[in-house]
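[1] fold the following, please.
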Amino acid sequence: MISSMRFTFDMLLVAVGLFYLLVLPAECCQCPNATREQRYCNSDFSLIGMPVGKFLSDDRVSMVHVIRVRMLNHLPASESPRYVELESPVNVTECGVQLETGQEYVFNALFRPEVNEIRGRITKCSWNEKWALVPNFIKFPLLGDSIICPPLLPPADMYTPVDPVNYPI
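    A predicted model of the protein is given here:
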């Protein structure tokens with residue numbers, strides 16, 4: 001009796017382990033490894049602000065977070081909007097972001113040109129971090145607008161194509 005219960009328990013453990021190894025990674029959000037600076041450089045704008053509310057988008061696939069802005073792209077508070085909307089997928093497996101109301105964050109987002117209001121798009125793959133957790137060696141360059149991004153590459157037609165047959169390896 002005990003050996004059959006042990007066998008059943010062992011099989012259950014194996015099944016749960018296989019589920020976590022095979023099924024969950026295929027359905028979870030996968031982000032490339034990138035530093036905060038790289039995520040900053042891959043965004044359209046940066047802001048420091050606090051979530052004050054949220055609502056479901058009209059198409060019901062995104063959560064729209066309403067953010068009270070403290071600093072937007074290094075503009076003084078008098079020149080930046082008081083509030084922005086940051087849209088994120090509702091589903092966590094699609095890299096949706098869960099934010100705590102009342103906590104200050106640094107956000108780096110992409111513009112949503114198809115939306116008329118000031119709205120950006122964020123995911124778990126962008127840099128969205130509680131401001132209190134950002135190390136000072138990153139805070140100071142961010143606040144001073146001195147994070148150095150690599151220059152953009154010139155258009156592809158500026159490069160001379162390489163002949164793979166005659167190119168020595």
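
[2] going forward, measure contacts between C-alpha atoms and count neighbours the same way
    OK.

[3] can you list the domains in the protein?
    1-30, 36-143 (automatic domain parsing).

[4] just say which of the ones you listed is most tucked in.
    domain 36-143 (a mean of 17; mean count of other Cα atoms under 10 Å).

[5] tell me how far the ends of that domain are from each other?
    14 Å (Cα to Cα, to the nearest Å).

[6] picking that back up, ranking the domains of the chain by mean pLDDT, which is last?
    The minimum mean pLDDT among the domains of the chain belongs to domain 1-30 (a mean of 59).

[7] which strand or helix spans the closest residue to R112 other than its chain neighbours?
    Leaving aside its sequence neighbours, R112 sits nearest to G120 (Cα to Cα, 6 or more residues apart in numbering; 5.3 Å). Using DSSP states H and E, G120 sits within strand 119-121.

[8] the helix or strand just after that strand - which strands sit beside it in the sheet, and in what orientation?
    Following strand 119-121 in sequence order, the next helix or strand is strand 128-130 (DSSP H and E). In the sheet, strand 128-130 lines up against strand 105-111 (antiparallel) (DSSP bridges).

[9] contacts for the partner strand, please.
    39-40, 43-50, 86, 119-122, 126-132 (Cα atoms under 8 Å, 6 or more residues apart in numbering).

[10] go again with 7 Å.
    40, 43-50, 119-122, 126-131 (Cα atoms under 7 Å, 6 or more residues apart in numbering).

[11] ok, now stretch 46-65?
    66-73, 85-90, 100-109.

[12] quick check: phi and psi at F140.
    phi -60, psi -50 (degrees, to the nearest 10).

[13] wait, what's in contact with it?
    Applying Cα under 7 Å, 6+ apart, no residues contact F140.

[14] any idea how far it is from I147?
    9 Å.

[15] strands - which of the contacts of stretch 46-65 land there?
    66-72, 85-89, 105-109 (DSSP state E).

[16] strands along this structure, start to end?
    Counting by DSSP E, the strands of the chain are 45-56, 62-72, 83-89, 105-111, 119-121, 128-130.
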